[in-house]
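S.K.: sequence? don't have it. structure:
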């Protein structure tokens, strides 16, 4: 009997996982289908961009600044061993634009804005606001989900760019102002080494993909959360965990395709 019970539990988990994957795919398709309403009433998207993007700006800028400062310190100590201190600007810029900027900004966005989206929609479901919209013939996907989805997708590349810019500034402060690296070499080598299409554009593509993944996970978990306090808290936790794993997995896949010719 214990074996049969274990097999039954495994089967139940597999069936539940397949069902959730199918429901998530249908949820994403419905979100895209009803996105036209969001663009016709773009003020809804702008309002959600303030909530998810602008309200995340402080943590993005502060984190970017200190990440750049750490890169400046660690990079200088490493490059000094080989007499290449003038390449500090290149090291900081490429590390941020290619990798750390999109990934860390997405992780911070998932922790701050993604969890807030899940909790907000989960509470709307728990207090029967979603059901009330359906009773009044208002599509909750079009009115609630789609504006938040596009707000997250638009905000994520902008936040990533600001994170990278503040990181470069932090590296400049540590490398040039505090340590004394030549300012001309810092900026000139950075400008000559960083390519717009190969580095900057690929970083933008990464941040866009991360924005789609994080926002879809956050909205789906909130919409699928059980209408209880425990259900909403569990959905919020799943959002942060699943978004973090999705970001790291997608980062590896995208990096393998984008920079395999380097």
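M.R.: Alright, I've got the coordinates. From a predicted model like this one, the values you see are computed outputs, not experimental measurements.

S.K.: my guess is residue 49 contacts residue 151, does it?
M.R.: Yes. Counting by CB atoms under 8 Å, residue 49 touches residue 151, with 4.3 Å between them. Quick note: C-beta positions are derived from backbone N, CA and C, even for glycine.

S.K.: neighbour-wise, which of those two wins?
M.R.: With other CB atoms under 10 Å as the criterion, residue 49 and residue 151 differ in neighbour count, and residue 151 comes out ahead with 25 against 21.

S.K.: wait, the more buried one sits on residue 51?
M.R.: Yes. Between residue 151 and residue 51 there is a contact under CB under 8 Å: 7.4 Å.

S.K.: residues of the one helix or strand in the chain whose mean pLDDT sits lowest that come out buried?
M.R.: Between all helices and strands in the chain, the lowest mean by mean pLDDT, DSSP states H and E belongs to helix 35-40, at a mean of 78. When burial is assessed from 16 or more other CB atoms under 10 Å, helix 35-40 yields the following buried residues: 35, 38.

S.K.: What of stretch 98-112?
M.R.: By 16+ other CB under 10 Å, the buried positions in stretch 98-112 come out as 98, 100-112.

S.K.: next structured bit after the strand or helix carrying residue 90?
M.R.: Per DSSP states H and E, residue 90 falls inside helix 88-94. Note on helix 88-94: by DSSP H and E, the next helix or strand toward the C-terminus is helix 101-109.

S.K.: Next secondary structure element downstream of that following helix?
M.R.: Along the chain past helix 101-109, the next helix or strand (assigned with DSSP H and E) turns out to be helix 115-126.

S.K.: Measure how that following helix sits relative to helix 101-109, angle-wise.
M.R.: Angle of helix 115-126 versus helix 101-109, following axes from the mean of the first three to the mean of the last three CA atoms, to 10 degrees, is 40 degrees.

S.K.: Please shift the residue numbers so they start at 147 in all later answers.
M.R.: With 147 as the first residue, the last one maps to helix 261-272.

S.K.: what's the burial count for residue 280?
M.R.: Residue 280 is surrounded by 11 other residues when neighbours are defined as other CB under 10 Å.
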